[in-house]
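Colleague: my questions are about this predicted structure, shown below with the sequence.
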Amino acid sequence: TVSLSSDGSIVAVGARLHDDPVSGANSGNCRIFHWTATNTTTTTSVWTQLGSSINGNSQGDESGVSVSLSGDGRVVAIGARYNDNENGVDAGQCRVFALNGTDWVQRGQTISGKAAFESAGESVALAANGNIVVVGAPSIDTSNTNNNFGHARIFEYDDSTATWIQIGPDLDGDAADDFFGIAVAISQDGSRVIVGGDRNDANGDRAGHVKVYEQI
């Protein structure tokens, strides 16, 4: 996956199957590049890596399956859908990093999936200011029956406590196997969120649907 800053000068590149010698096979990573223009021609201008590579935590995480940049490109959200954490196997996670001078430093706590096999971080989206993030989890089982309703959660960064705090309730899928949260997007100001479920059957088998939510 890839994501561009508002002016197109910074790009985040996710590599979910990257094998890191420390984290392990398919731990994944994300690299961020800055466009360095010259005064001559575009052929001599280059993309230069900004800071260090951001690697997945452990083997099989697939960190970088989703990435999203803030408007200025100085904050990045990275999803790792198969991360195993305190809530179970393949619960997934989202981590947010901010550029601190010349390198990337994690902002706030890791946002972990709520249950095993949730696949939180399959999709992520940042508002322009980098302080609101949407995390999609298409495999969440709302009734513990392997139903894959899916959901999305929205978090806002509290600078005073350096933590991500959930805004509002979980946005749940309508029916089993909707895989709601497979895709998410957010408006620049963070007031409107779009969540997709690619297997919703309302208009036919796996026709899919999209819902738009507005903050009130």
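Modeller: Received the coordinates, thanks.
Colleague: Gln109 contacts Gln166, correct?
Modeller: No - applying Cβ atoms under 8 Å as the test, Gln109 and Gln166 come out as separate, 11.9 Å apart. No exception for glycine: its C-beta is placed from N, CA and C like everyone else's.
Colleague: which strand or helix spans the nearest residue to Asp170 once chain neighbours are set aside?
Modeller: What sits nearest to Asp170 in space, not counting adjacent residues and going by Cβ to Cβ, 6 or more residues apart in numbering, is His151, at 4.7 Å. His151 belongs to strand 151-158 when assigned by DSSP states H and E.
Colleague: tally of neighbours for the residue lying closest to Ser52 once chain neighbours are set aside?
Modeller: Residue nearest to Ser52 in three dimensions, not counting chain neighbours: Asp103, with 5.6 Å by Cβ to Cβ, 6+ apart. Residues near Asp103, counting by other Cβ atoms under 10 Å, number 11.
Colleague: quick revisit: pretty sure the residue nearest to Asp170 is touching Asp172, no?
Modeller: Yes - assessed by Cβ under 8 Å, His151 is found in contact with Asp172 at 4.6 Å.
Colleague: look at the two and report which has more neighbours.
Modeller: Ranked by neighbour count (other Cβ under 10 Å), His151 and Asp172 place His151 first, with 24 against 15.
Colleague: now do the contacts for the nearest residue to Ala25 once chain neighbours are set aside.
Modeller: Leaving aside its chain neighbours, Ala25 sits nearest to Asp19 (4.7 Å; criterion: Cβ to Cβ, 6+ apart). Applying Cβ atoms under 8 Å, 6 or more residues apart in numbering, we find Asp19 in contact with Ala25, Asn26, Ser27.
Colleague: if we can go back for a sec, from Phe97, how far out is the residue nearest to Ser52?
Modeller: 9 Å (Cβ to Cβ, to the nearest Å).
Colleague: swap in Ala91?
Modeller: Ala91 is 20 Å from Phe97, by Cβ to Cβ.
Colleague: more neighbours: the two, which one.
Modeller: Counted by other Cβ under 10 Å, Ala91 and Phe97 do not tie: Ala91 has more neighbours, with 26 against 22.
Colleague: isn't the more buried one up against Glu122?
Modeller: No - using Cβ under 8 Å, Ala91 is not in contact with Glu122, being 11.6 Å away.
Colleague: check which helix or strand covers Gln26.
Modeller: One thing to correct before we go on: residue 26 is Asn, not Gln. Using DSSP H and E, Asn26 falls within no helix or strand.
Colleague: that one is in contact with Gly64, isn't it?
Modeller: No - Asn26 is beyond contact range of Gly64, at 10.3 Å (criterion: Cβ under 8 Å).
Colleague: list the residues that contact both of the two?
Modeller: Joint contacts of Asn26 and Gly64 (Cβ under 8 Å, 6+ apart) are Arg16, His18.
Colleague: neighbour count for those two, which is higher?
Modeller: Neighbour count, other Cβ under 10 Å: between Asn26 and Gly64, Gly64 has more, with 28 against 18.
Colleague: so what's that one closest to, chain neighbours aside?
Modeller: Ranked by Cβ to Cβ, 6+ apart and with sequence neighbours excluded, the top spatial neighbour of Gly64 is Gly14, at 3.1 Å.
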